[in-house]
Structure formats: structure tokens, C-alpha cells
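K.L.:
3D, please:
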Amino acid sequence: MALKIRLTRGGAKKRPFYHIVVADARSPRDGRFIERVGSYNPMVERDHPQRLNLNEERIKHWLSVGAQPTDRVARFLGGAEIIAMPAIREQTKKSKPRAKAQERLREEEERKREAEEAETEAKAEAETAEAEAPAEPEAEAAEPEAEAAEPEAAEGAEAAPAEEAEEAAKG
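P.N.:
Down below sits the predicted model:
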């Protein structure tokens, strides 16, 4: 006989209350059971002491005899540290995004990676420029003086042809 530790629903409409029972796997959900080993009330807060009541001694006995907990009961037992916490199973494919949405997500990830790589390259270039910067200030200090002298000469050179053009227009 295959035994299951599972939930049976009780309570009123829209007000669920579950008993945790040991039952034959072939019996209906709310049908015949062997032993009641706990209760679960989803209507109270998560940290409330009456939300989950377990008779640990009897549950351990039934587990040793070979009873298999359902997914939800296994999660309860894992939380109570009676058994190891079960791995969360992957849901159906319907929960995943469709093909085009997955492509958009991949493209977005690639753009983020490229942006991060560009940032790291820019930082590296800035650091190398800062490392070379102490040698250049002396050369840069001489350049502004030369640039300042050039515009004055250029203004004088531009003024002379303009004056000649005015004299030619008068004459």
C-alpha cells in the first residue's frame, strides 16, 4: 500500500483550512485517511503559531514506514526541519517569456555588457592619460604663450589687407 502525507481541505467556502493526514495514495483528497498528523490554516499570518501545527513524532514514524509527502507538505516539513528542504522545481514552459521576448532580453544584456566594457576601457584610457599628464604640463605651459602671440600677429596681418582694400575702393 502506497502511503502519502498530504493535505485534505476543510473549512467553509472562501475560508480554507487543511488537515495534514496520512492516507492511501488511491483514496480521494478529502476521503478516507489513516491518521491526522497536523493542520494548516492559510488564513492567519505567516508568523502566527496556529498557521502550521505538526505532530513531529508521528510524522517521523510515517516517514520511516515509507510514506511520501506531497510537494506542499514536503515544503512544510522542510521548513520545520523534519526533512531536508526540497528543491524548487522548474515550472512549466508557459511561465517563460516567448522567443521574441527572450531575444530582446539577450540583446539588452549584450548592450549592458558592451556599455560596461566601454566604461572600463574609458577608465583605463583616463588612467593612462593621467599617468602621462605630469610630463606634458611644461610643454602645455609654453604653448599658450605661443598661441597668444599668434593671434596678435594675425590681427595685424588681417588689418593691413583690409586697409589696402578700402584705399583701392576709394581711389
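
K.L.:
By mean pLDDT, which helix or strand of the protein comes out lowest?
P.N.:
Least confident helix or strand, the chain: helix 137-170 with a mean of 57, by mean pLDDT, DSSP states H and E.

K.L.:
Roughly how far does the nearest residue to Gly78 once chain neighbours are set aside sit from Asn41?
P.N.:
Excluding the flanking residues, the one nearest Gly78 by Cβ to Cβ, 6 or more residues apart in numbering is Met85, at 3.5 Å. For glycine as for every other residue, the C-beta is placed from the backbone atoms N, C-alpha and C. According to Cβ to Cβ, to the nearest Å, Met85 stands 22 Å off from Asn41.

K.L.:
And for Ala23?
P.N.:
In terms of Cβ to Cβ, Ala23 sits 20 Å off from Asn41.

K.L.:
ok, the two, which is more surrounded?
P.N.:
Ranked by neighbour count (other Cβ atoms under 10 Å), Ala23 and Asn41 place Ala23 first, with 22 against 16.

K.L.:
and the more buried one, that's in a helix?
P.N.:
No - per DSSP: H, G, I helix; E, B strand; the rest coil, Ala23 lies outside any helix segment and is strand.

K.L.:
what number of residues lie near the nearest residue to it once chain neighbours are set aside?
P.N.:
What sits nearest to Ala23 in space, not counting adjacent residues and going by Cβ to Cβ, 6+ apart, is Phe33, at 4.0 Å. Counted by other Cβ under 10 Å, the residues lying close to Phe33 total 19.

K.L.:
For Phe33, give me its contacts.
P.N.:
Counting by Cβ atoms under 8 Å, 6 or more residues apart in numbering, Phe33 touches Thr8, Val21, Val22, Ala23, Ser27.

K.L.:
His61 too?
P.N.:
Per Cβ under 8 Å, 6+ apart, neighbours of His61: none.

K.L.:
ok, then the element right after whichever strand or helix holds it?
P.N.:
Under the criterion of DSSP states H and E, His61 resides in helix 56-65. With elements assigned by DSSP H and E, the helix or strand that comes after helix 56-65 is strand 68-69.
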